[in-house]
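Asker: Need coordinates for the below:
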Amino acid sequence: MTTASPRQITRDDILPMEVYAEERLERRSALVATKRNRRVAVGPDVMFYFENHDTMWFQIHEMLYIEKGGEEQIADELAAYNPLIPQGGELVATMMIEIEDVGRRARSLARMGHIEDQIFLVVGDEEIAGIPEDDADRTTDDGKTSAVHFIHFPLTESAAKAFAGGEAQVMLAIRHENYMHMAGLNADVRAELARDL
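Answerer: Residues are numbered from 1 along each chain as shown. Below you'll find the predicted structure:
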């Protein structure tokens with residue numbers, strides 16, 4: 001999609017909005033196939049969307065396109081989304097608690113306080129604790145969590161090698177007392193995510 005450094009998006013990577021508008025549908029279609037192997041459901045209500053340069057490039061352009069903040073908005077979007085681009089040796093995911101029913105969603109979020117601190121990536125015998133993005137406290141004082149969290153998984157060199165090599169089982173786990181679920185990452189997802197490492 002873009003030719004910038006895979007680790008950072010700069011002002012030079014931002015298209016004029018009239019150009020982006022012309023290319024928007026084509027770029028969205030091209031990203032759909034990539035995104036298909038960058039998401040993992042863990043239990044019935046939580047989805048992890050693993051981010052990379054291309055997903056964040058698109059997200060920044062979507063924000064600029066929708067909000068129409070012009071040049072003044074660009075720096076804020078770069079500051080918000082660049083931290084979600086994997087910097088090598090790590091995976092980064094947007095974790096979303098996706099519950100359509102408004103009442104059930106409110107009740108569930110109220111019972112999942114600090115779920116962001118109970119996320120783990122298990123690669124063979126190694127367990128990597130997810131590190132929530134520290135841009136904001138996403139659990140309120142009364143224990144209600146946000147529906148959206150940003151999680152970094154810093155892999156050790158051996159875990160990254162095992163992840164990319166395909167010889168070890170890889171699982172995503174949530175160990176919150178009110179939401180305990182695990183999911184395995186299939187070969188297609190692992191192959192796609194290994195490119196981030």
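Asker: so H149 touches D137, yeah?
Answerer: No - using Cβ atoms under 8 Å, H149 makes no contact with D137, being 11.1 Å away. Where you see a C-beta, it was placed from the backbone N, CA and C, and this is true even at glycine.
Asker: the more surrounded of those two?
Answerer: H149 (22 against 11; other Cβ atoms under 10 Å).
Asker: For the strand or helix carrying V32, name the packing helices and strands.
Answerer: Using DSSP states H and E, V32 falls within helix 17-36. The contact analysis (3 or more Cβ pairs under 8 Å, 6 or more residues apart in numbering; DSSP states H and E) places helix 17-36 against helix 53-67.
Asker: Count the residues that sit near V122.
Answerer: Neighbours of V122 (other Cβ under 10 Å): 18.
Asker: can you check I115 too?
Answerer: 25.
Asker: Return the residues in contact with the residue lying closest to it once chain neighbours are set aside.
Answerer: In space, and not counting its chain neighbours, I115 is closest to H176: 4.5 Å by Cβ to Cβ, 6 or more residues apart in numbering. Shown in contact with H176 (Cβ atoms under 8 Å, 6 or more residues apart in numbering): M112, H114, I115, Q118.
Asker: So the residue nearest to the first one when sequence neighbours are not counted versus R138, what's the distance?
Answerer: This means M112. Leaving aside its chain neighbours, M112 sits nearest to T145 (4.6 Å; criterion: Cβ to Cβ, 6+ apart). Per Cβ to Cβ, to the nearest Å, T145 is found 6 Å from R138.
Asker: anything in contact with each of those two?
Answerer: E116.
Asker: Would you map the helices across the chain?
Answerer: All helices of the chain, identified by DSSP state H, fall at 17-36, 53-67, 71-81, 102-111, 157-165, 187-194.
Asker: Just tell me which of the ones you listed ends up closest to P44.
Answerer: With respect to P44, and counting by Cβ to Cβ, the nearest of the helices of the chain is helix 102-111 at 10.2 Å.
Asker: Quick one: list the elements packing against the closest one.
Answerer: Helix 102-111 makes packing contacts with strand 90-97 when contacts are defined by 3+ Cβ pairs under 8 Å, 6+ apart.
Asker: So what touches the strand it packs on?
Answerer: Residues outside strand 90-97 that contact it (Cβ under 8 Å, 6+ apart) are 45-51, 84-86, 105, 108-109, 112, 115-116, 119, 121, 130, 145, 147-155, 193, 196-197.
Asker: What strands flank that strand, and is each parallel or antiparallel?
Answerer: Applying DSSP bridges, strand 90-97 is found paired with strand 46-50 (antiparallel), strand 148-154 (antiparallel).
Asker: now the ones you listed in JSON lines, with mean pLDDT and distance to Q73?
Answerer: Output for those, formatted as JSON lines (pLDDT from 0 to 100; distance: least, Cβ to Cβ, whole Å):
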{"stretch": "strand 46-50", "mean pLDDT": "98", "distance to Q73": "23"}
{"stretch": "strand 148-154", "mean pLDDT": "96", "distance to Q73": "20"}
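Asker: Could you list the low-confidence segments of this protein?
Answerer: In the predicted model, the chain carries pLDDT under 70 at residues 1-6, 135-136.
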